[in-house]
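In: how would this look folded up:
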Amino acid sequence: MDLMENNKIKAYIELVCTQIKFKDIHENIKEELVDHINNIVEENMEKGFSLEESIDMSIKQMGDAYVLGQELNKIHKPKPEWSILSLTFIFTLIGILSMYAMSLQDLWTDWRIKGMIKTSITMFVVGIVIIVGLYFFDYRKIKPFSKYLYIATSIFLILGDRYRMFYRVTRNFNYITPFLYAIALSGIFSEYRWQKEKVFSNLIILFLPIIMIIAFQISVVTPIIMYFTMILVLILISGGSIKYILGSIGVGAIVVVFSIFNQPYRIERVKNLLNPLRDPLGSGYMNVQLRELISSAGLLGNRMNIDKTEMPILGLPEMHTDYIFSYIIYAFGWLAGISIIVLSIVFFIRLIKTVKSIEDNYGRLLVSTFSSLFIVQFIYNILMILGLAPIAGISMPFISYGTVLNMVNMIMIGIISSIYRRKDLLSDKNI
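Out: Numbers count the residues shown, from 1 in each chain. Have a look, this model is predicted:
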């Protein structure tokens with residue numbers, strides 16, 4: 001029976017919902033209340049009471065609408081995921097303070113470092129505004145545009161490094177490509193797509209971007225590492241079987257090997273990883289210098305007495321971006337470096353716990369894919385600095401200087417906050 005058409009029940013539920021400030025949860029509350037009332041009505045009718053009598057008795061048993069609404073308001077009052085937000089701000093502040101420390105040590109020209117510090121602070125403020133705005137924005141409104149976003153991202157991926165007129169839009173596209181595909185693919189795979197008849201089309205959708213990255217982009221290592229990690233997580237969370245995951249890993253291994261042996265300088269990077277001293281003044285220069293920096297750091301660092309022989313490497317343009325973790329270890333010591341690693345692990349744990357708390361499939365996929373992008377950036381950058389991974393253009397989220405990349409990371413945190421705010425919503429059918 002459709003009890004929502006009953007005026008008494010409809011009026012009762014509306015009164016309950018007037019006390020619940022979080023309007024996005026109203027539809028779920030209505031469904032739960034109707035289901036509960038329906039069970040009570042059926043029990044009473046089985047005892048011989050009429051429909052009207054059963055409805056009156058069920059409403060009475062449910063209790064005062066205002067009191068129930070206030071109780072549900074307390075239960076469903078949205079709360080930010082403070083631990084993720086706090087760690088985001090801590091990482092960003094670490095980056096700004098590191099830039100400030102560099103300015104005190106005259107590693108670059110005064111006007112340049114001041115400009116970067118000013119930009120970092122501006123981006124931090126803008127990032128906070130973005131996170132707050134997205135926290136109140138309903139992320140489910142993005143889902144209908146998933147297919148169009150996939151197509152648009154693919155077009156820009158093809159045109160980005162080929163046509164000068166797209167330069168301003170695409171010069172940092174390698175960083176944002178995995179992010180855009182994460183949004184698009186999360187929407188596409190939010191409905192279960194792993195039936196046998198869809199497997200082939202799924203694999204085309206997932207692996208076509210990798211082919212386009214290799215074929216049309218000049219820089220391929222960074223987007224491939226990030227994208228491939230993201231789609232592995234996507235397959236796992238969206239219900240793909242282990243054979244698809246293992247098959248994807250096999251494809252990924254082939255792609256990595258091809259990418260390495262396709263360019264001589266990438267082969268050199270792998271050789272330098274295995275033996276940094278083979279060409280210390282040539283292709284292995286960065287590997288040797290990074291090893292020297294972190295090996296001479298000590299527990300508390302050298303910020304008060306920087307070795308003049310290490311000034312050239314500390315003053316390189318990349319030191320505040322891809323290699324900032326090495327500067328932090330050198331200047332502030334292994335204690336600071338280990339602290340960042342520990343904070344990163346806590347960040348990972350909180351992201352994974354957030355994934356488990358999301359009821360909506362689309363929201364769960366978004367948080368999962370975003371989390372994979374954060375985790376691979378942190379882990380690869382740390383391993384790279386420690387000499388355990390080849391040098392690649394993968395920066396440390398929030399800490400490394402970079403306007404576009406940090407804005408993308410802030411947007412991901414904002415969307416994660418929006419999803420967490422609505423983590424108890426079961427369906428997006430009304431969006």
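In: residue farthest from the centroid of this protein?
Out: The centre of the chain is farthest from one residue, Gly48, which by Cα atoms, centre = their mean lies 56.2 Å away.
In: Look at that one and give its secondary structure.
Out: Here Gly48 is coil, with the state taken from DSSP: H, G, I helix; E, B strand; the rest coil.
In: which residue sits closest to Leu232, ignoring its sequence neighbours?
Out: Nearest non-adjacent residue to Leu232, counting by Cβ to Cβ, 6 or more residues apart in numbering: Ser248, 5.9 Å away. Placement of C-beta: from N, CA and C, glycine included.
In: shouldn't the one you found be in contact with Met230?
Out: No: here Ser248 lies out of contact with Met230, judged by Cβ atoms under 8 Å, at a distance of 11.2 Å.
In: I'd like the mean pLDDT over the helix or strand hosting Val355, please.
Out: Assigned by DSSP states H and E, Val355 belongs to helix 334-357. For helix 334-357, mean pLDDT is 95.
In: Stretch 193-213 now?
Out: 85.
In: Determine how far it lies from the middle of the whole chain.
Out: Stretch 193-213 sits 22 Å away from the centroid of its parent chain (Cα atoms, centre = their mean, to the nearest Å).
In: what's the answer for stretch 364-378, then?
Out: Chain-centre distance of stretch 364-378: 4 Å, with Cα atoms, centre = their mean.
In: What does the nearest residue in space to Phe374 that is not next to it in sequence show for phi and psi?
Out: Of all residues not flanking Phe374 in the chain, Pro397 sits nearest, at 5.7 Å (Cβ to Cβ, 6+ apart). With angles defined as degrees, to the nearest 10, Pro397 sits at phi -50, psi 140.
In: for the one 3 residues further on, same thing?
Out: Per-residue torsions, Ser400: phi -70, psi 150 (degrees, to the nearest 10).
In: residues in contact with stretch 59-79?
Out: Stretch 59-79 is touched from outside by 8-9, 12, 15-22, 25, 29, 33, 36-37, 40, 421-422, 424, with contacts defined as Cβ atoms under 8 Å, 6 or more residues apart in numbering.
In: just stretch 86-101 next, same as before
Out: With contacts defined as Cβ under 8 Å, 6+ apart, stretch 86-101 is touched by 113, 116-117, 120-121, 124, 127-128, 131, 303, 320, 324, 327-328, 331-332, 340, 343, 346-347, 350, 397-401, 406, 410, 413.
In: Just the buried ones from the residues you listed, in PyMOL syntax?
Out: Filtering these down to the buried ones (16 or more other Cβ atoms under 10 Å) takes a single PyMOL command:
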select buried, resi 113+116+117+120+124+127+128+131+303+320+324+327+328+331+332+340+343+347+350+397+398+399+400+401+406+410+413
